[in-house]
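1. Structure of the sequence below:
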Amino acid sequence: MDLDTPIEEIPRISAVYQKRLRRLEIFTLKDLLFHFPYRYEDFSKITPIAQTKINEEVCIKGKILKIKIRRTPVKKIFLVEAILQDESGTIKAMWFNQPYLIKTLKQNDLVCLAGKVTLEGKSAYLSNPVYERIGKTESIHTGRLVPVYPETAGLSSRWLRYILRPILINFRDKIPEILPLEILKKEKLLSINRAIWQVHFPDSKKLAGAARDRFSFEKLFLIELFVLKEKIRAYKLSGHAISINLDLIKEFVASLPFKLTNSQKKASWRILKDLEKKRPMSRLLQGDVGSGKTVVATMAALNIAKAGFQVALMAPTEILAKQHFAKFSQMLKDFDLEIGLLTGKQGKLFFGKMGEASEIPKKKFLEEAEAGRIKILIGTHALIQESVRFNNLALIILDEQHRFGVDQRAKLAQKSETSQKQSLIPHFLSMTATPIPRTLALTLYGDLDLSLIDEMPKGRKKVITKVVAPADRGKSYNFIREKVKEGRQVFVICPRIEPKANDENIFKTERALSWAEVKAAKAEYEKLSSQIFPDLKIGLLHGKMKVEEKEKQMNDFKDKKTDVLVSTSVVEVGIDIPNATVMMIEGAERFGLAQLHQFRGRVGRSEYQSYCLLFTDSPARNTHQRLKALIDCENGFELAEKDLKIRGAGDFFGRRQWGIPDLAMSGLKDILLVERTREAAKEILSEDPNFKKYPLLKEELKKFGEKIHLE
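-> Now for the predicted structure:
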């Protein structure tokens, strides 16, 4: 066997268990070996039976004096009872609904049991203890630090320990070391083969921590290498050098019905200066919801388009693409440009000074784009389909999709006539309303230059934020009804459905999780429609609707045909609704601070006072401390840092969303670790940029680059 051996070829793993492993995204031997415990049970201390205490977790060793099975009279479940004896005394052990144990455990067996001591009448007993027969082999389920793994239905940590131990015994000295020896020594890291054993079957808590540290370092080191290598590669490329048309920019700024903030001016100038360089720009533009990122992007697009080149703006959904089309068309109506929207089978064109948009067949749209007449093309990822060709694409703008690599840009450029002749790469601008903490930005977006818009437009009123306890629900519903009577509208966000750490759902796809959220949204819609606000018009929006349904719901809300819009958290409610002044969030404790801050940013976009109501049924003290941070803090970036510390990077970005292992995600909280891995990556790249001395590292980095999806 080697690390690429499929699980189907690993001994003792039946077809049934292969299917269960695949649910955990385990397909190869390497996936299995790198499926790490998320915690450990400390069963290393053996307690004499006479010293056990009620409600304590204990581990005891002894001999089974007798064992029997019976069925309970009421619920008719199987009950296995055993009496265990050591030198200090005896204790009963009871297992519920595990009849097979009567064949597994026998009288006079020497065993180790670990579990909670419970009281039944006046007698103490071990309830459903973990068991292990004491034999010649080393204990793996009791009597030590015992690994507990992410599980799925029908696949337990006990089974994983049973499978992993013999594999590790036979294989632990055969895993190739990818980290350079000098880095291992300098950073005092465990070797790969020692670390892989200690992470699964640690000899001590210290060694378990050292093993996890090694793998955290390794994964972050690979991320840093990947990102820095991309940056070096980008420096060698050529793009379109486009001069700033100052008169044009001044005309555009003067045409706006508002004044630009200082942050917008700084970000715009930096982007425009980047566009003048021959090296293609790679920039991430961060700013809170409503901070004016689109205006900055529009200014850059106008400068490019009027220089005779094309711009492609990609949004994650059709709703957002159409919103951008409407905003660009409005802001650029006096500049005599053709702006195109590509969605589905139809294309839509806006003609500069004619001031109207008309639909045209997709074939005609594609001809206009290839001829270079459409200067700004807006759409979803449909823009990178084979059928779409550009004439001279010079700028790609992405909304909320930060990772768009050099290779993808090169692929787009190849479909551009000008770039084919000159091998030019388009400039790249990514926009996000997600406030990304500094450690994450440094690590995950190290190949992108960062611009922050850290102030809101003048005249915006602070959104009043309140935490609503269960007893105050009625008052809040009355308040919402009053606001609707005043002519305002309301967003309702339904709670994110998050499984527990050891829940079988944890490794289900994002699709399955979003279905659970749809169910929650429908239930909330029914409750509000029939019980709470039967006199109001309620709309429902979720990600499983067809595009036409979503559009109708959004348009009805925009046109004030509905008073309240119920939405899941996975559906962006980014369309600008100035009349919506109340954001009500159910199950607020289930969201991160940064995400709650984004939801709050959907209101407060007009002269009306706006409100954010955080509904929570959680009695936990830390819930209210966390939500209080949202009330006290208006800055999204400060909140993001707090969010990262509280929940960790894995939850910050969503489970398994990024293809980055949990250990690396937890390591992202540690700025010192981030800096160490970054320095190590810089040293390697400066000494040996082509990895001639490190062929294994080169191969691993290649695989890592193919697997990782930072978007």
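
2. which strand is the longest one in this protein?
-> Ranked by residue count and defined by DSSP state E, the top strand of the chain is strand 57-71.

3. tell me what that strand is packed against?
-> If contacts are counted by 3 or more Cβ pairs under 8 Å, 6 or more residues apart in numbering; DSSP states H and E, strand 57-71 sits against strand 78-86, helix 101-104, strand 110-120. Where you see a C-beta, it was placed from the backbone N, CA and C, and this is true even at glycine.

4. Make a markdown table from those and add distance to Y445, mean pLDDT and mean neighbour count to it.
-> Shown next, in a markdown table, are these (distance: least, Cβ to Cβ, whole Å; pLDDT from 0 to 100; neighbours: other Cβ atoms under 10 Å):
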| stretch | distance to Y445 | mean pLDDT | mean neighbour count |
| --- | --- | --- | --- |
| strand 78-86 | 56 | 95 | 19 |
| helix 101-104 | 53 | 93 | 13 |
| strand 110-120 | 45 | 93 | 18 |
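
5. could those go into TSV alongside distance to R39?
-> Shown next, in TSV, are the helices and strands packed on strand 57-71 (distance: least, Cβ to Cβ, whole Å):
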stretch	distance to R39
strand 78-86	26
helix 101-104	25
strand 110-120	15
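
6. any chance you could map the strands in the stretch 151-300 of the chain?
-> 282-287 (DSSP state E, counting those that start in this stretch).

7. mind listing the helices for it?
-> 157-171, 181-187, 192-200, 205-235, 246-255, 262-275, 293-306 (DSSP state H, counting those that start in this stretch).

8. okay, these, which one's buried deepest?
-> Across the helices of the stretch 151-300 of the chain, averaging neighbours per residue (mean count of other Cβ atoms under 10 Å) puts helix 293-306 on top, at a mean of 24.

9. beta partners of the nearest residue to S291 once chain neighbours are set aside?
-> Leaving aside its chain neighbours, S291 sits nearest to I453 (4.5 Å; criterion: Cβ to Cβ, 6 or more residues apart in numbering). With DSSP bridges as the criterion, I453 is bridged to G287.

10. related to what we said a few turns ago, let me know the average pLDDT across the longest strand of the chain.
-> Averaged over strand 57-71, pLDDT sits at 94.

11. how far is that strand from where the chain is centred?
-> Averaged C-alpha coordinates place strand 57-71 at 45 Å from its chain's average position (Cα atoms, centre = their mean, to the nearest Å).

12. What residues sit buried inside it?
-> Using 16 or more other Cβ atoms under 10 Å as the test for burial, strand 57-71 gives V58, C59, I60, K61, G62, I64, I67, I69.

13. how about the helices and strands packed on strand 57-71, which one is nearest L33?
-> Of all those, strand 110-120 sits nearest to L33, with 25.1 Å by Cβ to Cβ.

14. Quickly run through the sheet partners of the closest one, with directions.
-> Using DSSP bridges, the strands paired with strand 110-120 in its sheet are strand 57-71 (antiparallel), strand 123-133 (antiparallel).

15. how about these in TSV, adding distance to S329?
-> Formatted as TSV, the strands paired with strand 110-120 follow (distance: least, Cβ to Cβ, whole Å):
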stretch	distance to S329
strand 57-71	65
strand 123-133	65
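
16. Helices of the stretch 551-700 of the chain, start to end?
-> Ranges of helices in the stretch 551-700 of the chain, per DSSP H, counting those that start in this stretch, are 593-600, 621-632, 636-647, 649-653, 662-667, 671-687, 695-707.

17. For the shortest one, give the mean pLDDT please.
-> Per-region confidence: helix 649-653 scores 48 on mean pLDDT.

18. Also stretch 464-482?
-> In this model, stretch 464-482 has a mean pLDDT of 92.

19. With stretch 336-344 instead?
-> Averaged over stretch 336-344, pLDDT sits at 88.

20. Next, the buried residues of that stretch.
-> L337, E338, I339, G340, L341, L342, T343.

21. Show me the residues you listed that map onto strands.
-> E338, I339, G340, L341, L342, T343.

22. Turn the residues you listed into TSV, including distance to L627.
-> Formatted as TSV, those follow (distance: Cβ to Cβ, whole Å):
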residue	distance to L627
E338	48
I339	42
G340	44
L341	39
L342	41
T343	38
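
23. one step back: with respect to K136, which of the helices and strands packed on strand 57-71 lies nearest?
-> For K136, the closest of those is strand 110-120, at 11.5 Å, according to Cβ to Cβ.

24. how much does that closest one deviate in direction from strand 78-86?
-> With axes from the mean of the first three to the mean of the last three Cα atoms, to 10 degrees as the basis, strand 110-120 and strand 78-86 are set at 110 degrees to each other.

25. what's strand 110-120 in contact with?
-> The contact list for strand 110-120 (Cβ atoms under 8 Å, 6 or more residues apart in numbering) reads 41, 43, 46, 52-64, 84, 91, 93, 105, 124-134, 139, 141-143, 146.

26. Among those, name the buried ones.
-> If we count by 16+ other Cβ under 10 Å, the contacts of strand 110-120 have these buried: 41, 43, 52, 58-62, 64, 84, 91, 93, 105, 124-126, 129-133, 139, 141-143, 146.

27. Dump the helices of the stretch 151-300 of the chain into CSV; add mean pLDDT and distance to D535 as well.
-> Shown next, in CSV, are the helices of the stretch 151-300 of the chain (pLDDT from 0 to 100; distance: least, Cβ to Cβ, whole Å):
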stretch, mean pLDDT, distance to D535
helix 157-171, 93, 53
helix 181-187, 95, 65
helix 192-200, 95, 59
helix 205-235, 89, 53
helix 246-255, 96, 44
helix 262-275, 95, 42
helix 293-306, 96, 37
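
28. what's the closest of the ones you listed to I425?
-> I425 sits nearest to helix 205-235 of all the helices of the stretch 151-300 of the chain, at 8.0 Å, using Cβ to Cβ.

29. Please tell me the pLDDT value assigned to H402.
-> 56.

30. cool, and K546?
-> At K546, the predicted lDDT confidence score is 83.

31. Please work out how many residues are found near it.
-> Applying other Cβ atoms under 10 Å, we find 8 residues neighbouring K546.

32. so which strand or helix has the closest residue to E551 other than its chain neighbours?
-> Using Cβ to Cβ, 6+ apart and skipping residues adjacent in sequence, the residue nearest E551 is I319, 6.7 Å away. Using DSSP states H and E, I319 maps to helix 318-331.

33. how far off helix 293-306 does that helix point, in degrees?
-> 60 degrees.

34. how far does the one helix or strand S430 maps to sit from the chain's center?
-> Per DSSP H and E: S430 is located in strand 427-432. Between the centre of strand 427-432 and the centre of its chain there are 19 Å (Cα atoms, centre = their mean).

35. Ok, stretch 265-274 next?
-> With Cα atoms, centre = their mean, you get 30 Å for stretch 265-274.

36. Look up the residues forming beta bridges with the residue lying closest to A382 once chain neighbours are set aside.
-> Spatially, and ignoring its direct neighbours in sequence, A382 is nearest to L342 (5.5 Å; Cβ to Cβ, 6+ apart). Per DSSP bridges, the residues bridged to L342 are G347, G379.

37. shouldn't L342 be in contact with P361?
-> No: at 11.7 Å, L342 does not count as touching P361 under the criterion of Cβ atoms under 8 Å.

38. about what we covered before: redo the buried residues of stretch 336-344 as a markdown table? Include distance to R158.
-> Shown next, in a markdown table, are these (distance: Cβ to Cβ, whole Å):
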| residue | distance to R158 |
| --- | --- |
| L337 | 65 |
| E338 | 65 |
| I339 | 61 |
| G340 | 59 |
| L341 | 56 |
| L342 | 54 |
| T343 | 51 |
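
39. Just name the closest of these to A305, please.
-> In terms of Cβ to Cβ, no member of those lies closer to A305 than L337, at 5.4 Å.

40. and the closest one, what does it touch?
-> L302, A305, K306, G352, K375, I376 are the contacts of L337 under Cβ under 8 Å, 6+ apart.

41. For my notes, please list those residues in a markdown table and give distance to V518 for each entry.
-> Shown next, in a markdown table, are the contacts of L337 (distance: Cβ to Cβ, whole Å):
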| residue | distance to V518 |
| --- | --- |
| L302 | 40 |
| A305 | 40 |
| K306 | 44 |
| G352 | 41 |
| K375 | 39 |
| I376 | 34 |
